[in-house]
Structure formats: C-alpha cells, structure tokens
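1. Sequence first, then the predicted structure:
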There are 2 protein chains.
Amino acid sequence: MIRRADQALAQALPSEQLPPEPLHRAMRYAVLGGGKRLRPLLVYAAGAALGEHGPALDPPACAVELIHAYSLVHDDLPAMDDDALRRGRPTCHIVFGEAMAILAGDALQALAFELLANAPIHTNSLDMLRVLGRACGAEGMAGGQALDLAAVGRKLELHELEHMHACKTGALIRASVRLGALAAGADATTLDALERYAHAVGLAFQVRDDILDVEGESAVIGKTAGKDAAADKPTFPSIIGLGASRARLDELICDALVAIEPLGDRAALLAELARYAAARHH
Amino acid sequence: MIRRADQALAQALPSEQLPPEPLHRAMRYAVLGGGKRLRPLLVYAAGAALGEHGPALDPPACAVELIHAYSLVHDDLPAMDDDALRRGRPTCHIVFGEAMAILAGDALQALAFELLANAPIHTNSLDMLRVLGRACGAEGMAGGQALDLAAVGRKLELHELEHMHACKTGALIRASVRLGALAAGADATTLDALERYAHAVGLAFQVRDDILDVEGESAVIGKTAGKDAAADKPTFPSIIGLGASRARLDELICDALVAIEPLGDRAALLAELARYAAARHH
C-alpha cells in the first residue's frame, strides 16, 4: 500500500522532462524521497474500513502527502527549523536553493488542491476540498506551526502543547482519515468514530516523535537527534517526563482502538497504523 | 468595487483577536494593506459582463486576491526578491520575521481554496477550484516564478519573456476573469472570448510594470524603482526597447477590447480595466 501511494504520487507530480525542470525536480525530490506515507496509508485504511478499496482513494491519498511534503520543505528552511537533513538525505533547499524550495513547497500545496478538484466527481468532492483547506490553513497546520514558533523558549502547559500538535500535525492526520472516509461515503456516526480515532493517533504520533528525539540516533531517525532539546522546544518528555510520555502514548493508542471497535475487522489496517504510530523507530 | 473587495477580504480573513494572533496579524497585514485589487475587480467585471453582480462573486474575488497576496509575501523574502518595501510599507517579513511570513503566505494559499470550497454550492464550484489550482501551481504562477528565477542574468528571447509572464502573473489574471465568468454561468463561446481578453490584459499589465520600473519613482510606484535593471532581470524595455514596449502595450489593449466587443455594454468595466492596466502610474 506504500507502493500504491508512491506510484500514485509519481504519476501525479509533474515530469522532470517538462519545463520548468528545476521546479519539477525540486517537487519530485521533496515528495518521492521515501517517507513513511502515514497519511496516504490512513486514507487507504479509512476507505478500507468502509469497504472502499478503489481508485477513488488515490487523489485524497496523494493530496495529503503533497501537503505533508510541502510543509516539510518549508519547515526545513533556514528561517524556520534550519534543517540540513531529512529522511537521511539533504533537505530540499540544500539541494535546490532556498528560493526554489519555497516555490516547490508553494506549488505542492496548489497541486494537492488541484488533484482533489480534478478527481472523478463524487457527491463528497466539495466536502473533501473543504476538509483539506481547513486542515492546511490558519486553523490547522499553518496555525500549528505559528503556535510552535511562538512556543520556542517558552514553558508550555501540557494542554497548550497538545493543542499545538493537534493543529501542527494532528489537523492533517485527522483530514487524512476523514478524506478516506468521505471518499468511501461514510455516514455521520462513522465519521465521528473515525474523528476520535484520528485525534488519538495524531497525538500519539507526536508523543512518539518527541520520545524518539530523546532516545534516537540521527542515522536511524533520518534527521538530527536531540534537535528539539537543543532548540529549546517544548516536548512531552520535557514537560511531563519520559515515563509519563510513554504512559500517555499507551493511553492514546487505547483510545484509538476503542474508537474503531464498532467497525470490526474491516478496520484492521487502521488498528495496525495506530500500533505503528506508537511503536515506530523512525 | 475596490471597497466591496476590501470588505469581503476583511471578513474572509481570520480575526487578529483569535490565536494564533501573530499569524492572523501577518495574514491581514499582507492582504489588507491597500493594493490595486486588480484581480478581484476582474472577477466582478467578468461577472458583470454576464449580468451577475451578486454575492456569488465574492468568494472567487477574495480567493484570487489571497493568492496574489501570498505570492507577494513569498516573492519579497530575502531568498527570493529580497524586497523591504511593498505598496509603500515594509514587507511582511520585515514586520513579522521571515518564518512568520513564510507561514502567512502558506496559510493565505490554503484560505483561498477553503473559501472557494465553502462558497454556496454552484454547478461550477469544482470547475472553479480546478481553475484556481491550475493557475497557482507548477503550470501557472509558481512555475512562472521558477522560470523567472532561472532567467536572472540570462538573455531571454521575447517569446520566452512573454511565456514567463503568461505563467507568473498571467495565469492568475486569466483565472480571475474565468472565475468571474464561471460564477456567472458563462457558456464556452463567452469563456473563449474572455480568455483572449484576459491573456492580453495580463501581458499588458506586465509590460506596463516593466515600463514603470524604468520610468517610475519609488515613492509613486510604492516599491524600489530601477530594481529590475539592478537585479539584471530581463524586461520588455531591456529586450525590445522602451518605444517598442509602448507599442506592444497599445496592441495588447486593442486585442483585449476587440475580444470583448461581442459582449456589448455590459463589458464596460472589463474595458475600463484593460485601459487602466495600460495607463496606470503605480
């Protein structure tokens, strides 16, 4: 299923043979350099939980990954996190220069919306575009990044940290699950259950990320370890300690699994992704 | 009608009273600091040419201006044009810092799509989202900016310069006219006529811009004059001379006016905007 996402993305991205080649190369570099594909997998898994496995899931799966990739490109810029390494490779601006990295990120965001708007028409098409728009903007991912910027060097309360992550990474993770469900024609009850699942998984993913930053090695996690502490960024371990962070992680995974229980066996992949979010090593 | 656009934008943008306040402030600063509102006016004018004057035009009018504003914020960044002055005021990154300016631009792009997706449902809603997506991305505005980056210090042929501008600024101007027409339920023949109009106006706007950069004073044009030449950017005057640039401008305005002749009196505002694009002093 990672392969399905990779193939759909490779097809959705503009060709390196067509001008402007440097922009297309930077866009493809930013998206196709590996990555866990958690968000597309959540789209596929949410669709599968509702019996949908078909090509209707590919446009939303690509759209959320394009948004994720653009956010990483902009996040890594010198004016933001100033990261030179991502997924074990030089970051986009190191390879293509800052100006091209900014443009590649901008074009990836536009492509995500274009792709969703160009998907075969579906009763939920406009709903899906609304969900994506909201997840990316000032109330979602971009807003969360602004909260993150404001948090550097400040001492956050736990609820502030959770709110920041619920926006910064959670909004797009929740949107991924919702888009898969909408593409599968989910009813309101199922959308509610999946929303609870996605909220828990999104937060779990971030708690695990913070734990890995304390425990991990750069070579394994594919980016510079200990970076959060060095940058004086608030994290779960720095606020509640490593032990309590691990306990919170277990609790969140339970919440996620309970939320999807009513969906039965078809939610097996969703369950697997929740467990993966908690146990991943990079 | 500029006021109508300003009011619609002020309402569409997130409040400075709500968190994350710095992001919302940066977004509002970038959009509400004046500006010619050419793109919203083109939406209203194209709608009016088809007898539509109602609130259906406000979401597309705001969407194109939000995209335009975001592109200026990113364009002005140190890694791009490195401009400290825009519309006679300090640029967004000067006031809010580079990181916040990058995020504000990103959030403005998302808001444009969200706004269009949230507009009252219309038979052409998905078409409108497709038009906007295409205009912003690698085949449109972002692609044109990449061509522009690649052109610095190079000697371009006239057709290369025109292609670059047709993407960089033309794509969004054409989209503005098309969105207004789609919101008014235009047929294919009218869309074709308006496409020819918009192509000519978009290019005329840029030719005038290049002429102003040679002739203008910073205080009047609201940004640093002579900047293009100093940055060794190819311009119409630098390739074909000032006289031929003026002649090309006249020709383009004629093309635009001829294209909308079949629409009669209702296209008066479109005609006025074409003349303005050619004669403006800032």
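-> Everything's here; your move. Numbers count the residues shown, from 1 in each chain, chains lettered A, B, ... in the order given.
2. in the stretch 1-150 of chain A, which spans are strands?
-> Counting by DSSP state E, counting those that start in this stretch, the stretch 1-150 of chain A has strands at residues A:85-86, A:89-90.
3. Now do the SS call for residue A:232.
-> Three-state call for residue A:232 (DSSP: H, G, I helix; E, B strand; the rest coil): coil.
4. now the nearest residue to it once chain neighbours are set aside: how far from chain B?
-> Excluding its sequence neighbours, the residue lying closest to residue A:232 (C-beta to C-beta, 6 or more residues apart in numbering or on different chains) is residue A:153, at 5.0 Å. For the C-beta atoms, the positions are set from N, CA and C on the backbone; glycine is no exception. Going from residue A:153 to chain B by C-beta to the nearest C-beta, to the nearest Å gives 14 Å.
5. pretty sure residue A:153 is touching residue A:234, no?
-> No. Using C-beta atoms under 8 Å, residue A:153 makes no contact with residue A:234, being 9.0 Å away.
6. Which parts of the stretch 51-200 of chain A are helices?
-> All helices of the stretch 51-200 of chain A, identified by DSSP state H, counting those that start in this stretch, fall at A:58-75, A:92-96, A:98-118, A:125-136, A:141-151, A:158-168, A:170-183, A:188-215.
7. Return the set of buried residues in the shortest one.
-> Going back to what we said before, that points to helix A:92-96. Under the neighbour-count criterion of 16 or more other C-beta atoms under 10 Å in any protein chain shown, helix A:92-96 has A:92-94, A:96 buried.
8. out of the strands of the stretch 1-150 of chain A, deepest packed?
-> With neighbours defined as mean count of other C-beta atoms under 10 Å in any protein chain shown, the strands of the stretch 1-150 of chain A peak in mean count at strand A:85-86, which reaches a mean of 19.
9. before we move on, back to that, can you list the buried residues of helix A:92-96 in a markdown table and add distance to residue B:73 and pLDDT?
-> Shown next, in a markdown table, are the buried residues of helix A:92-96 (distance: C-beta to C-beta, whole Å; pLDDT from 0 to 100):
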| residue | distance to residue B:73 | pLDDT |
| --- | --- | --- |
| A:92 | 19 | 97 |
| A:93 | 18 | 98 |
| A:94 | 23 | 98 |
| A:96 | 20 | 97 |
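10. Distance to chain B added to those residues, as JSON lines?
-> JSON lines is the format used below for the buried residues of helix A:92-96 (distance: C-beta to the nearest C-beta, whole Å):
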{"residue": "A:92", "distance to chain B": "12"}
{"residue": "A:93", "distance to chain B": "8"}
{"residue": "A:94", "distance to chain B": "13"}
{"residue": "A:96", "distance to chain B": "10"}
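11. so which of the residues you listed comes closest to residue A:176?
-> Distance ranking of the buried residues of helix A:92-96 against residue A:176, using C-beta to C-beta, places residue A:92 first at 22.0 Å.
12. related to what we said a few turns ago, for the strands of the stretch 1-150 of chain A, could you give me CSV that also reports distance to chain B and mean pLDDT?
-> CSV is the format used below for the strands of the stretch 1-150 of chain A (distance: least, C-beta to the nearest C-beta, whole Å; pLDDT from 0 to 100):
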stretch, distance to chain B, mean pLDDT
strand A:85-86, 17, 92
strand A:89-90, 17, 96
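13. ok, now which ones touch the nearest residue to residue A:1 once chain neighbours are set aside?
-> Leaving aside its chain neighbours, residue A:1 sits nearest to residue A:44 (5.4 Å; criterion: C-beta to C-beta, 6+ apart). Residue A:44 makes contact with A:1, A:4-5, A:53, A:57, A:61, A:180, A:269 under the criterion C-beta atoms under 8 Å, 6 or more residues apart in numbering or on different chains.
14. Please report how far residue A:44 lies from residue B:103.
-> 30 Å (C-beta to C-beta, to the nearest Å).
15. Just the closest residue of the stretch 151-282 of chain A to chain B, please.
-> As assessed by C-beta to the nearest C-beta, chain B sits closest to residue A:167 within the stretch 151-282 of chain A, at 8.4 Å.
16. That residue: what's its closest spatial neighbour, skipping adjacent residues?
-> Of all residues not flanking residue A:167 in the chain, residue A:144 sits nearest, at 2.9 Å (C-beta to C-beta, 6+ apart).
17. residues near the one you found, how many?
-> Other residues within reach of residue A:144, judged by other C-beta atoms under 10 Å in any protein chain shown, total 25.
18. Next up, the contacts around it.
-> A:164-171.
19. farthest-separated two in those?
-> Across the contacts of residue A:144, the longest distance by C-beta to C-beta is 11.0 Å; it joins A:164 and A:171.
20. follow-up on the earlier one: higher neighbour count, residue A:153 and residue A:234?
-> Legend: neighbour count by other C-beta under 10 Å for residue A:153 and residue A:234, higher for residue A:234 (21 against 9).
21. how far away is that one from residue A:157?
-> According to C-beta to C-beta, residue A:234 and residue A:157 sit 9 Å apart.
22. Near residue A:8, how many other residues are there?
-> When neighbours are counted by other C-beta under 10 Å, residue A:8 registers 19.
23. hang on, it packs against residue A:61?
-> Yes. Look at residue A:8 against residue A:61 with C-beta under 8 Å: they come within range, at 6.2 Å.
24. where in the stretch 151-282 of chain A is pLDDT low?
-> A:217-231, A:282 (pLDDT under 70).
25. how does it look with 90?
-> Counting by pLDDT under 90, the ranges of the stretch 151-282 of chain A that qualify are A:151-156, A:213-234, A:277-282.
26. circling back: if I look at the residue nearest to residue A:167, what pLDDT would I see?
-> On the pLDDT scale, residue A:144 is placed at 97.
27. Repeat that for residue A:150.
-> Note on residue A:150: pLDDT of 89.
28. now do residue A:87
-> pLDDT, read off for residue A:87, is 85.
29. How many residues are close by the residue nearest to residue A:36 when sequence neighbours are not counted?
-> Counting by C-beta to C-beta, 6+ apart, residue A:280 is the residue found nearest to residue A:36 once chain neighbours are left out, at 7.5 Å. Using other C-beta under 10 Å, residue A:280 has 14 neighbouring residues.
30. Could you do residue A:55 as well?
-> Count around residue A:55 with other C-beta under 10 Å applied: 11.
31. which residue sits closest to it in space, ignoring its chain neighbours?
-> residue A:120 (8.0 Å).
32. Residues of the stretch 101-250 of chain A that sit close to chain B?
-> Within the stretch 101-250 of chain A, the positions near chain B by C-beta under 8 Å from any C-beta of the partner chain are A:102-103, A:105-107, A:109-111, A:113-118, A:121, A:125-126, A:129-130, A:132-134, A:136-140, A:142-143, A:145-147, A:149-150.
33. which among the residues you listed end up buried?
-> A:102-103, A:105-107, A:109-111, A:113-118, A:125-126, A:129-130, A:132-134, A:136-140, A:142-143, A:145-147, A:149-150.
34. circling back: now neighbour count too, for the contacts of residue A:44, in CSV please.
-> Formatted as CSV, the contacts of residue A:44 follow (neighbours: other C-beta atoms under 10 Å in any protein chain shown):
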residue, neighbour count
A:1, 15
A:4, 16
A:5, 23
A:53, 12
A:57, 25
A:61, 29
A:180, 32
A:269, 17
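35. OK, contacts around residue A:138?
-> When contacts are counted by C-beta under 8 Å, 6+ apart, residue A:138 touches A:146, B:14, B:20, B:23-24, B:27, B:107, B:110-111.
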